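# I need the structure of the sequence given here:
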Amino acid sequence: MPRKRDRLCGQFKSLKGFSQPWKKTKENNTGNLQTNHTTATSFSTPVPTPSDPTPTPSTIVATTTEFSLEAQSRGAIRIESFQSDSASQSGQTPVTATVKHTAHAKVGNKDEQQHNSTVTGIVKAQSLWSKALGSDDLNQERETLEGITFQANALHTVSEARSFAEKILNDKKENALNIKIKGEKIVLRDIAMKLLGWMDRFKEIGDIIVQFDPVHAALPWAGFRFLLKVCMDNQKTMDAIFMGLEKIAGLIHRCTLYELLYLSKDSCGSKNLEKSMLRLYIAILKFLAKAIGKLKQNRLKAVFTTEDISDYLGNVENFEKTVGYDADAAKAQSTGIQLEHLRTQLENINNTMLHIQPQLHNIQDWLEDSERSSILEWISTIPYPSHHKRISAGRLEGTGKWLFERQEYRMWISSSVSKLLLLRGTPGAGKTYIASTFIDSLHSNTTAMKLAYFYCNRAEENRREPDSILSTIIQQLAQSPFDKNKLLKPIVDIYRDRKNQGQISSRLSLSESQELLVQLTDIYPRTMICIYALDEVAEDKRIYLLKALNYVISQSKNLVKIFAMTRMNPEIVAQFKMFPRIELQPDDNVSDINRFVKTRVKSTIDDSQLLSGDVSDELQVEICKVLCKRSKGMFQLAALQITFLCQFCTEGNVRDNLQTLPDTLAAAYDDIYNHIIAQKGDAPQLALNAFRWIQCSYEPLRAETLLDTITVEVGRSGELSRKAPIKAKDLLTICQNLLLLDERLNVFRFAHLSVEEYLETKPELSKASSHTEIAKGCLSLLCTPSSWDDYNNVTTRQGQYGDRHLLLYSVVFWPWHFSHCKDVKKKKKKKMAAKP
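Have a look, this model is predicted:
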């Protein structure tokens, strides 16, 4: 067995004789390269002994090897002869190998003659791959690896392998796109696309590699190509093979970047990384050898099963984790900005997908602008882009990016399994910012997947209904990624069918929506859906949304990833217990909170809200230090604590109250609410009216309508009266930061979802009580003839809630509010019955 090891090591190391083809000598500037020209290279190099598995690099001398650049890139290299000297030197056995290089090139002209050269140089003999090949751990697999033909340029091996993979993907029938491994549905189309992506990525950095190592990773790529060739000849074996090859291709690319970026440094981190990469390379070669051995046993049967793949990849995945840890350590010790584009590739390592290529026959070729707009409005009128833009605008750069480093997220995003990932966190911990960060990260890569998202909000009726949520997601998926003016046929067909039947007012039902989602996701190779705040969905209907999402995941032929966020809701967790989840801990977003606090404190001082802007640097530092510690990982609590400090007028008072800051959201809201109620004049009632309408209106009222609405007052006998008009800035001041004005949509909102939850704990602001007060105001307005004259000159467009004034809103929605007063009626009846 040692002889076989030495012979194969000599074969692989012989490729190093072709390392520096750009060096020319005067000896060979005139000769022509003939077809099938054969030259020989001899060299001596030490091979590691069992006692020295990771010897130090040595050198070899490649002598009088004649070839052209074209021959170097196209020639095949095989072992011809082998000699091993039994004498040892420094614990290593000298090995002499002679390798024949057959160049398949045409006779060159005078210009081509200039490329011919005789290379004499000292090159690094033992790359990590050659060390791995010489390891005793490969004794049993070494015989299997013999006979594989290496290309003198690894990039050509990759190109050939890619052509094999592309042909397999094109030939694959649609009814065999998925397989199951350990109960999980693996989407083979996604595996194949990532496989192509990894090879393209490796080719991108090939120009750098061949400058000093033309045959980098030649052995694993040769085994890789061999397996793909077998798959092409016998596609029964393809399913299982593709699983392993995609993993191996990604690792070769990732480790190549590690070598280029970190192994040239003489640091402890680099040395540890080299050792762990060597172990990983051995595991990769073991996998390739076992795969080749299995297929050679019987190429007529699918003898290589998915269970085999899982077992063989176990060691590879274990060593992969170690390499990842050591690479992070080596990165921390590396300096400089050399090869910055390689660092960028490494940071975006999971972004391997090719351009999405939905089936073109599913795109409606031509639609009039009016019909396209009508279809989109028929699906949904929820302005989801504005919701996202508002949140992103308030997010500091870099917030939430810690998510991309979490192991649970990396495994979920990189797998070829349709799956949901659930993120759980306490109120105010920054889940909204994480959602917007996630969406923005995918917006920059829309050619690799189709993205759809939705922000749920319990304060708006249509943003908490499963029908509306799914319809809005359908609206996004229905728009072609290539041309925003085109829609996909499934949605066009169902709209035209409704129109022909005169049922255009009939919206999509929940069952129709989930079936349509399956059709749309079957068109895209990869679909990514993000849903924020599942806990905000109507509690009695939430189960229907969860079942619909599960249905889409299980029924879609292609890859569907769903990223959902929720609070610590046991019911939701129980319903998604089969899916991975991330628990948002206070330590996860420490750096985000610190940056948020420093920025918010500075802006509060600059805006003269804290001590009229006259704050010493020492006090500013002290405030930031205390808030970062006492915010407990909650952005909203930190913001409320800053508001709490703004009420004091001297530095002494601010310092004293730094130690009495509210420690919970409830305590912070109590303090603010008590200040609101304690205000003089009409301010408390105006605030309560605003809270009620924002909390319970069927649809958001435009800012002007809300300012008009909160001035309406109903007397004991039902008569209608109005308070003095109020401006937007005055309302915000009265409500003391519990409200904000969304200028994009021109509507008032609660500053945070937890604000509404807190207000509902107040008896005067319970849902039933608020609906009762709103219903009374609407009916009083409708029953007062003089009030109709106030709106005669106000125009509105049908179906546009932004144009609706209070009178029109009352006409349409007073019955809906009245229906939600039943709880109050029941409670009153119970109280009456309880009286003696």
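
# What are the boundaries of the strands in the stretch 701-836 of the chain?
Listed in chain order, the strands of the stretch 701-836 of the chain (DSSP state E, counting those that start in this stretch) span 712-714, 720-722, 739-742, 747-750.

# least reliable of these going by mean pLDDT?
Ranked on mean pLDDT, the bottom entry among the strands of the stretch 701-836 of the chain is strand 720-722, at a mean of 84.

# gap between residue 488 and residue 474?
When C-beta to C-beta, to the nearest Å is the yardstick, residue 488 and residue 474 sit 10 Å from each other. In short, each C-beta sits where N, CA and C put it, glycine included.

# burial of residue 573, as a residue count?
For residue 573, the count of nearby residues is 15 (other C-beta atoms under 10 Å).

# hang on, it packs against residue 581?
Yes: with contact defined as C-beta atoms under 8 Å, residue 573 counts as touching residue 581 (7.1 Å).

# any residues in contact with both of these two?
Common neighbours of residue 573 and residue 581 are listed as 422, 424 (criterion: C-beta atoms under 8 Å, 6 or more residues apart in numbering).

# so which of the strands of the stretch 701-836 of the chain comes closest to residue 373?
Using C-beta to C-beta as the criterion, the shortest distance between residue 373 and those is 22.4 Å, found for strand 747-750.

# where does residue 562 land in three-state SS?
Look at residue 562: counting by DSSP: H, G, I helix; E, B strand; the rest coil, its state is strand.

# That one: what's its closest spatial neighbour, skipping adjacent residues?
Once its chain neighbours are removed from consideration, residue 562 has its nearest residue in residue 420; the separation is 4.2 Å (C-beta to C-beta, 6 or more residues apart in numbering).

# partners of the helix or strand containing that neighbour, with directions?
When secondary structure is defined using DSSP states H and E, the element that contains residue 420 is strand 419-424. Take DSSP bridges as the rule and strand 419-424 pairs in its sheet with strand 559-566 (parallel), strand 581-583 (parallel).

# among the ones you listed, which is the most enclosed?
Counting by mean count of other C-beta atoms under 10 Å, strand 559-566 has the highest mean neighbour count of the strands paired with strand 419-424, with a mean of 25.

# contacts for that one?
187, 189-190, 412-413, 416-425, 431, 434-435, 438, 521, 525-535, 549, 552-553, 572-573, 576.

# Narrow the residues you listed to those in strands?
When DSSP state E defines the strands, the subset of the contacts of strand 559-566 inside them is 187, 419-424, 526-532.

# picking that back up, closest one to residue 615 among the strands paired with strand 419-424?
Ranking the strands paired with strand 419-424 by proximity to residue 615 (C-beta to C-beta) places strand 559-566 first, at 35.7 Å.

# Could you quantify the relative orientation of that closest one and strand 526-532 as an angle?
Following axes from the mean of the first three to the mean of the last three C-alpha atoms, to 10 degrees, one obtains 10 degrees for the angle between strand 559-566 and strand 526-532.

# Quick check: nearest residue in space to residue 224, chain neighbours excluded?
Leaving aside its sequence neighbours, residue 224 sits nearest to residue 161 (C-beta to C-beta, 6+ apart; 5.5 Å).

# Show me what counts as buried in the helix or strand containing the one you found.
Element membership for residue 161, per DSSP H and E: helix 154-171. Taking 16 or more other C-beta atoms under 10 Å as the basis for neighbour counts, the residues of helix 154-171 that come out buried are 154, 155, 156, 157, 158, 160, 161, 162, 164, 165, 168, 169.

# Not counting its own residues, what contacts stretch 378-393?
By C-beta under 8 Å, 6+ apart, the list of residues contacting stretch 378-393 from outside reads 432-433, 435-436, 439-440, 453-455, 457, 462-463, 468, 471-472, 474-476, 478, 491, 495, 498, 504, 507-508, 742, 744-745, 799.

# pLDDT (mean, whole number) over that stretch?
For stretch 378-393, mean pLDDT is 93.

# So for it, what gets flagged as buried?
With burial defined by 16+ other C-beta under 10 Å, the residues of stretch 378-393 counted as buried are 378, 379, 380, 381, 382, 384, 387, 388, 390, 391, 392.

# what about the third one, distance to residue 454?
Spelled out, that is residue 380. Applying C-beta to C-beta, one obtains 10 Å for the distance of residue 380 from residue 454.

# shared neighbours of the two, anything?
If you check residue 380 and residue 454 against C-beta under 8 Å, 6+ apart, the residues they both contact are residue 472.

# Assign residue 202 to helix, strand or coil.
Assigned by three-state DSSP, the conformation of residue 202 is helix.
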